[in-house]
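Requesting a structural model of the entry that follows:
(chains A and B)
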There are 2 protein chains.
Amino acid sequence: MPERQSKAVFLKAYPQGMPSDADFEVRKRTVPAAGAGEMVCRTIWMSVDPYMRGRMRPDVKSYIPPFSLDEPLSGGAVAEVVESNIPDFSVGDVIVDFVGGWKEYYVSKGEQTQKVVPNLAPLPAWLGVLGMPGLTAWAGVTQIMKPKEGETLFVSGAAGAVGSVVCQLGKLRGARVVASAGSPEKIRWLKEEAGVDVALNYKDYKNAGELTKALGETAPKGVDCYFENVGGMHLEAALNCIAAGGRIALCGMISMYNNNEPEPGPPNLINLIGRGVMARGFIVSEYADKAMEFAAEVAPLVASGKIKFQQTEYDGLDKAPEAFLGLFRGDNAGKAVVRVGPDSV
Amino acid sequence: MPERQSKAVFLKAYPQGMPSDADFEVRKRTVPAAGAGEMVCRTIWMSVDPYMRGRMRPDVKSYIPPFSLDEPLSGGAVAEVVESNIPDFSVGDVIVDFVGGWKEYYVSKGEQTQKVVPNLAPLPAWLGVLGMPGLTAWAGVTQIMKPKEGETLFVSGAAGAVGSVVCQLGKLRGARVVASAGSPEKIRWLKEEAGVDVALNYKDYKNAGELTKALGETAPKGVDCYFENVGGMHLEAALNCIAAGGRIALCGMISMYNNNEPEPGPPNLINLIGRGVMARGFIVSEYADKAMEFAAEVAPLVASGKIKFQQTEYDGLDKAPEAFLGLFRGDNAGKAVVRVGPDSV
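Residues are numbered from 1 along each chain as shown, chains lettered A, B, ... in the order given. Okay, here's the model as predicted:
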C-alpha cells in the first residue's frame, strides 16, 4: 500500500485567552501505510468539543495530556477504514473513535474504536447524541443527579450537544426541566423541539442576582438537580436556588475555559452544607463501562424520534478552527461537526 | 411544684461581623412548673457550637430558624430532670438534648432527648465525642468520604470537637491522616494523642498557595478524602491537591461565619470536574436515623480509650458568651463546654 498525503490541523502556538484562527495551521503530512496491528482510516466527520480547550494549556496537569505543537490535533471522528491489518476491522467499515479528528487520514491501532450501526441515525450523530456527548448527558442524569418524577432539573448550556440530551432524558423521567441557553433560536428549539418546561435566555440577565431571581420565580420550590456546563453566574444562581437534598452534576464550566487568570468561585458554596447538597464532577471516560447501557436506552429513543438533536455542520477541514471557536461564541446549536470527507469514495 | 427563677443568656442584638460580649445579656426569667406532658430540667453542662453563629443572622433562610431576641438562646445540654409529667423520664434522670443550653432551668416536652449512659464517659462527652459532634464526624467518615486503607485523608479544624473524631476514625480505617489546626499545642495533641500522621499549623502558611505546597509535599499522591470545617484557603488548597476520585465532606466553613459580606469561593472548583470528585454538604440531623449505629461503633472506642478527646471547660453560665467567642478565635481545644450547674444537688 502507498503512503498517503493528508492535510491535518496543527496548533501553531498555545492560545492566550480566547483562541483565534491565527493559533491554528493546516499542514500537509505523509501518512504511512498500515503496519502490523494497524489500520489506516479516512475521516468523514470530526467533532469539536469544549474539553479540547483544556488540552491547549501546556502548563495544566489534567486527566488528558496537552496537545503537542508537533503533532496534529486529535479528537472524535467518524471515519472509514481504507486499509487494515487488524482482524476486527475491514476495509469499508465505518467507525467512530477519539483520535481521527482534525485530519484527513490517520493510522490507528483500533483502540477505543466502535463500528457504527448502519442507518440508525445520520453519521454525525455518532459524535453527538449517540456518542461521547450523549453518554456524558446520560451519565449525569442516571448516575449522578437521578431526577425523580416531579422534581425540577436546571440545565445550563441546554441547547448544546450534552445539555440538549440532559433536558430530554430529564423530561422522559418526569422532571420539570428549566433550560438556559443564549439565543432566541436556541430557546425556541428547547421549548418546541426538546419540550422543556421553561427556557431562559441567560443573556437577558446581567449578573448572578438577576439570573437567581428568574430561576427562583420559575422554580419556587427550588432546583432539585442542576447540570452544570457553564460555571460563573449560572453556578452561583443554581446554588442560590438549590433545594435541600439537591444533586449537582458538574460537567463543564465553559465560561471560564478561556480565562488567562483563574476566576473566583461563587460566594455561596456554603449553601451546599445547609441544604445537604451533593456535587459531583465527572468526565465521561469514567462511565465508559456503561456505554452499552447508555446505547440500549438512548439509541431506540433516537431512532424513534423521541430524543431530538440538532447539529451545526461546517464544511471542510479548513473550517475546523472556526467550528471550534464557535463553541465559545455560542455560535453552534446542538452538536458542532465538521465534514472532512465524503461518506464514501 | 413552684415556679423557678432561672438565669438565661439572651441576644441583645444580632451581631455584625465577629460577635462580642456586648451582643449577649444574662437575664433572669421565671420558669413555670411542668404542665401535662412536660418536664422541668436543670442544665448541668451546655455546648457552644459554630453552627449557632448562623442562627444569629435574622435575614438568612436556613435549615434551622434564627434565634429570637425575645427568648433565651438554646443549644445542646446535659441536664437533670427535676420535675416530670412525662412517663419516660423520672426526677433524677440525666439527659442530653438540643435545647437546654444557655439557661439554668427550662421546660421540655422530651423531644429529641436521650438518657445518658452512666459511667461510660464524663458527662460533657455527651455534648462532644458521644453527641452531635461525634455523630457529625462519624457520618462524614462512614456515609460520605468512606476512606479506604492507605488513602490520604485531610482534615481541617482537626483539633476541634468534630475534626478530632474524624482524624481518629480515619486512622482506625487505615487511612493516612493529615490534620490542620492553629496552635502548637493542638498540633502536639493531634500527633501524640490522636495519632495523626502529619499535623500542619495553618498559621505557618500565609495563603492558599503556601498551604497547597505544604499539603502537596506531605500528600504527593494527592488527597483522597477531605473533611471541610474551615473554608477559605483550606478548601482551595484541598482542591489543588485532591486526587482523582476524591470525596469531600463539607461540614462547615468557620472562617467565613463572621463575614458581613459573602467571600468569593475558590478559583479552582473546576478541579472537581477533571478529577471526578464528589463533594457532599451535610448537616448532622440528616443522619439522625444512624445514631444507634454511630453509638454502637464509637461508644466502645471511647470507653476503651481508643478514641481520645479533649474538652475546654468554662465555669458558669456567665462564661457562655466567652466560650462561644472562643470558637472563632481558635481558643478551644476539642469540645468547648460550659459548666452551668453541679452534677447533682
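
Which strand residues bridge the closest residue to chain B within the stretch 101-250 of chain A?
Minimum separation of the stretch 101-250 of chain A from chain B (Cβ to the nearest Cβ) falls at residue A:250, amounting to 5.1 Å. To be clear about C-beta, it is placed using only N, CA and C from the backbone, and glycine gets the same treatment. With DSSP bridges as the criterion, residue A:250 is bridged to residue A:228, residue A:281.

Neighbours of it, how many?
26 (other Cβ atoms under 10 Å in any protein chain shown).

measure it to residue B:269 for me?
Applying Cβ to Cβ, to the nearest Å, the value for residue A:250 to residue B:269 is 8 Å.

May I have the residues that are in contact with the residue of the stretch 101-250 of chain A closest to chain B?
A:228, A:279-282, B:269, B:272-273 (Cβ atoms under 8 Å, 6 or more residues apart in numbering or on different chains).

switch the cut-off to 10 Å
Applying Cβ atoms under 10 Å, 6 or more residues apart in numbering or on different chains to residue A:250 gives the contacts A:140, A:144, A:226-229, A:231, A:235, A:279-282, B:269-270, B:272-274, B:276-279.

what does residue A:7 give?
By Cβ under 10 Å, 6+ apart, the neighbours of residue A:7 are A:26-29, A:72, A:102-105, A:316-318, A:340.

how about these in JSON lines, adding secondary structure, distance to chain B and neighbour count?
JSON lines is the format used below for the contacts of residue A:7 (DSSP: H, G, I helix; E, B strand; the rest coil; distance: Cβ to the nearest Cβ, whole Å; neighbours: other Cβ atoms under 10 Å in any protein chain shown):
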{"residue": "A:26", "secondary structure": "strand", "distance to chain B": "29", "neighbour count": "16"}
{"residue": "A:27", "secondary structure": "strand", "distance to chain B": "30", "neighbour count": "12"}
{"residue": "A:28", "secondary structure": "strand", "distance to chain B": "34", "neighbour count": "9"}
{"residue": "A:29", "secondary structure": "strand", "distance to chain B": "30", "neighbour count": "16"}
{"residue": "A:72", "secondary structure": "coil", "distance to chain B": "23", "neighbour count": "22"}
{"residue": "A:102", "secondary structure": "coil", "distance to chain B": "22", "neighbour count": "31"}
{"residue": "A:103", "secondary structure": "strand", "distance to chain B": "25", "neighbour count": "30"}
{"residue": "A:104", "secondary structure": "coil", "distance to chain B": "30", "neighbour count": "23"}
{"residue": "A:105", "secondary structure": "strand", "distance to chain B": "31", "neighbour count": "24"}
{"residue": "A:316", "secondary structure": "coil", "distance to chain B": "32", "neighbour count": "13"}
{"residue": "A:317", "secondary structure": "helix", "distance to chain B": "29", "neighbour count": "22"}
{"residue": "A:318", "secondary structure": "helix", "distance to chain B": "31", "neighbour count": "14"}
{"residue": "A:340", "secondary structure": "coil", "distance to chain B": "28", "neighbour count": "27"}
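
Same list (these) but as a markdown table, adding pLDDT.
Below are the contacts of residue A:7 laid out as a markdown table (pLDDT from 0 to 100):
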| residue | pLDDT |
| --- | --- |
| A:26 | 97 |
| A:27 | 97 |
| A:28 | 96 |
| A:29 | 96 |
| A:72 | 97 |
| A:102 | 98 |
| A:103 | 98 |
| A:104 | 98 |
| A:105 | 98 |
| A:316 | 98 |
| A:317 | 98 |
| A:318 | 97 |
| A:340 | 98 |
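
Redo those residues as a markdown table? Include distance to residue B:65.
Listed next are the contacts of residue A:7 as a markdown table, based on distance: Cβ to Cβ, whole Å:
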| residue | distance to residue B:65 |
| --- | --- |
| A:26 | 64 |
| A:27 | 66 |
| A:28 | 71 |
| A:29 | 68 |
| A:72 | 61 |
| A:102 | 58 |
| A:103 | 62 |
| A:104 | 66 |
| A:105 | 68 |
| A:316 | 63 |
| A:317 | 62 |
| A:318 | 63 |
| A:340 | 62 |
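
And the furthest pair within the residues you listed?
A:29 and A:316 (17.5 Å; Cβ to Cβ).

Number of residues surrounding residue A:109?
Residue A:109: 14 neighbours (other Cβ under 10 Å).

Residue A:27 contacts residue A:10, doesn't it?
Yes: with contacts counted by Cβ atoms under 10 Å, residue A:27 reaches residue A:10, the gap being 5.4 Å.

List phi and psi for residue A:114.
When read as degrees, to the nearest 10, the backbone of residue A:114 gives phi -120, psi 150.
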